[in-house]
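J.: Kindly generate the corresponding structure for this input.
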Amino acid sequence: MENKFLKEFNQENSILVISSYPRKKERYSKGVCAVASFTKNTLLAIKKQNPDKKIVILTMQLNNKTEIYKEDEMLIVRCFKRNNPLSYLNLLNFARKFNNVKTVMLEFEFSSFGDVISTGSLSFVVWALFILGKKINIIIHQVLLDLREISSHIGLSRRSLKIKAFNFALKRFYKFLSFPAQNIIVLEDELKNRLQNIISGDKITVIPHGVDRQVNYTLTKASARKKLGIKSNDFVVLYFGYLTWYKGVDFLIKSFQKLNQIKEKQVKLIVAGGPSFTQGEKEHYKKFLAKTEGLAKGYPHIQITGFVAEDQIANYFKAADLSVLPYRRFMSSSGPFSLALSFEKPVLLSSNLGLLIESKDAKEALDKVGLSKESLTFKLNSKDLLTKIISAQKASQHKKLLAFSKVLGEKRAFDNLAPIYLKTILQNYVRIYNRKLLVSPSVTR
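T.: Predicted coordinates for the structure are as follows:
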């Protein structure tokens, strides 16, 4: 490492971040997990409000070589490999070099760092950082305690011995991972409810998934549709994100085989996403992907785009009338939900994902615009989904749904959450956040 970087960033008030991270000059990169964009948006917001705060990101290599560079006045150190627990030694070596930096943020999601062995080994990294005298803050993006709920997603039988073994290990893993941490941050109240059965609830803070308010608001729906070749009077429903079983994309496509018109309007379903970054090479997933893509064949009003590049994201959200999240299981907060809020798009959620709008700030937004939770959620059957979509295209309901997304998106802007992150991670103990300081989201301890 160049001495100038070490001298500039190795300071007591710096923050050391361990996470996946986007490619240079990108926020939503192909070939990295979704946590990467979340991390960058969070750090940019912190940096914007605290320009003198030094931030070092220890992240994964992209070309099997260590890279060190500055971007956005933060230091990026690509020093370990995904799916290679031995490379954690290099990560710890860099963490040791920043001996004056005491505050660590670890962004954790299953499969983000690799397979079972790589994920399990990460807990030992946390303990090693603790031994090095670091004050550890872990942002846990997923809390799932029973893998039977996602057996189809991971390609295992609900009754398999592997499932039983993993379930036995899960609680112990969370406990072992979390014990050395001074703070655990989760993105939903339900995740705290699950986790506090394993570790002390006093250690856990809920800070909602941030909303990116730096998106392209100058782009009009008309120009976006022109770029994508969509007719101006079509009613466009958008699914955004990786194509996975637990997100219900196959159920959504099947349902739209039965819906191509609402009164005089043609209905178009755009599935804006491609193969899962973490599941892509697994045989059971390849079969699921082939089956899902096959469901859309022969239906011209259903389009699967493949991975959407960063410079195209705005086109799809701006062109859409409605964003639908048909998730079969609730494992974590939802990046596509937050993006829908970014673009102030009306949303419908499966009842399984309805926990996303159980937080205090979401309930406040619902009350403000005159909606109920039931008006935004649908049962996981085609009849109820299509009924809610038909209702959502009516002018009065559409206006309320749009207003909800706008209100909640403003509350959850990354810029509004940045002070809460700093308040949480820069303390040796946790104090309840005083809402009077900031007109913002649900933040609970």
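J.: Any stretches of the stretch 201-350 of the chain with poor pLDDT?
T.: Within the stretch 201-350 of the chain, the ranges that satisfy pLDDT under 70 run 216.
J.: Tell me how far residue 101 lies from residue 53.
T.: Between residue 101 and residue 53 the computed distance is 12 Å (Cβ to Cβ, to the nearest Å). (Glycine included, C-beta is placed from N, CA and C.)
J.: more neighbours, the two?
T.: More crowded of residue 101 and residue 53, by other Cβ atoms under 10 Å: residue 101, with 21 against 18.
J.: how about residue 248, what does it touch?
T.: By Cβ atoms under 8 Å, 6 or more residues apart in numbering, residue 248 lies in contact with 326, 327, 328, 350, 380.
J.: about what we covered before: between residue 101 and residue 53, what contacts are shared?
T.: Going by Cβ under 8 Å, 6+ apart, residues that sit against residue 101 and also against residue 53 are 14, 15.
J.: so what's residue 166 closest to, chain neighbours aside?
T.: residue 147 (5.2 Å; Cβ to Cβ, 6 or more residues apart in numbering).
J.: Now do the contacts for that neighbour.
T.: With Cβ under 8 Å, 6+ apart, residue 147 has these contacts: 154, 156, 163, 166, 167, 170.
J.: thinking again about what came up before, go through the contacts of residue 248 and name the one nearest residue 287.
T.: residue 328 (17.1 Å; Cβ to Cβ).
J.: wouldn't the closest one be in contact with residue 249 here?
T.: No: with contact defined as Cβ atoms under 8 Å, residue 328 does not reach residue 249; the gap is 9.8 Å.
J.: mind listing what residue 156 touches?
T.: With the criterion set at Cβ under 8 Å, 6+ apart, residue 156 makes contact with 147, 162, 163.
J.: can you check residue 12 too?
T.: Residue 12 neighbours (Cβ under 8 Å, 6+ apart): 100, 101, 102.
J.: can you do 7 Å?
T.: By Cβ atoms under 7 Å, 6 or more residues apart in numbering, the contact list for residue 12 reads 100, 102.
J.: Just read off the phi/psi values of residue 398.
T.: Backbone torsions for residue 398, taken as degrees, to the nearest 10, come to phi -60, psi -40.
J.: give the contact list for it.
T.: Listed by Cβ under 7 Å, 6+ apart, the contact set of residue 398 reads 346, 392.
J.: What ranges does the stretch 101-250 of the chain have for its helices?
T.: 116-131, 151-154, 161-178, 189-195, 221-228, 249-256 (DSSP state H, counting those that start in this stretch).
J.: Arrange those in CSV, one row each, with distance to residue 203 and mean neighbour count as further columns.
T.: Converted to CSV, these look like this (distance: least, Cβ to Cβ, whole Å; neighbours: other Cβ atoms under 10 Å):
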stretch, distance to residue 203, mean neighbour count
helix 116-131, 14, 17
helix 151-154, 28, 18
helix 161-178, 7, 15
helix 189-195, 9, 19
helix 221-228, 44, 16
helix 249-256, 35, 22
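J.: Which of those has the lowest mean pLDDT?
T.: Looking over those, mean pLDDT reaches its minimum on helix 151-154, with a mean of 79.
J.: What are the contacting residues of it?
T.: Contacts to helix 151-154, defined as Cβ under 7 Å, 6+ apart, come from residues 147, 157, 158, 163, 244, 245, 246.
J.: what do you get if the cut-off is 8 Å, keeping everything else the same?
T.: Contacts for helix 151-154 (Cβ under 8 Å, 6+ apart): 147, 157, 158, 160, 163, 244, 245, 246, 279, 284, 288, 329.
J.: Now do the strands in the stretch 151-300 of the chain.
T.: Applying DSSP state E, counting those that start in this stretch to the stretch 151-300 of the chain gives strands spanning 183-186, 204-206, 235-240, 261-262, 265-272.
J.: if you compare those, which one is most tucked away?
T.: Greatest average neighbour count among the strands of the stretch 151-300 of the chain goes to strand 183-186 (a mean of 26), per mean count of other Cβ atoms under 10 Å.
J.: what packs against that strand?
T.: strand 135-140, helix 189-195, strand 204-206, helix 414-425 (3 or more Cβ pairs under 8 Å, 6 or more residues apart in numbering; DSSP states H and E).
J.: Could you rerun that using 10 Å?
T.: strand 103-108, strand 135-140, helix 161-178, helix 189-195, strand 204-206, helix 414-425 (3 or more Cβ pairs under 10 Å, 6 or more residues apart in numbering; DSSP states H and E).
J.: just to revisit the earlier point, buried subset of the contacts of residue 248 as a PyMOL selection?
T.: To isolate the buried ones among the contacts of residue 248 in PyMOL, judged by 16 or more other Cβ atoms under 10 Å, type:
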select buried, resi 326+327+328+350+380
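J.: can you name the two of the contacts of residue 248 that are farthest apart?
T.: 327 and 380 (8.7 Å).
J.: any residues in contact with both of the two?
T.: 248, 251, 350, 351, 352, 353 (Cβ atoms under 10 Å, 6 or more residues apart in numbering).
J.: Distance to residue 424 added to those, as CSV?
T.: Converted to CSV, the shared contacts of residue 327 and residue 380 look like this (distance: Cβ to Cβ, whole Å):
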residue, distance to residue 424
248, 33
251, 37
350, 31
351, 31
352, 29
353, 26
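J.: out of those residues, who's nearest residue 68?
T.: Nearest to residue 68 among the shared contacts of residue 327 and residue 380, with distances taken as Cβ to Cβ, is residue 353, at 39.7 Å.
J.: Mind checking what secondary structure that closest one has?
T.: helix (DSSP: H, G, I helix; E, B strand; the rest coil).
J.: Which residues are in contact with the residue nearest the centre of the chain?
T.: In the chain, the residue lying closest to the centroid (Cα atoms, centre = their mean) is residue 335, at 3.7 Å. Residue 335 makes contact with 28, 33, 34, 35, 37, 38, 141, 209, 212, 240, 241, 242, according to Cβ under 10 Å, 6+ apart.
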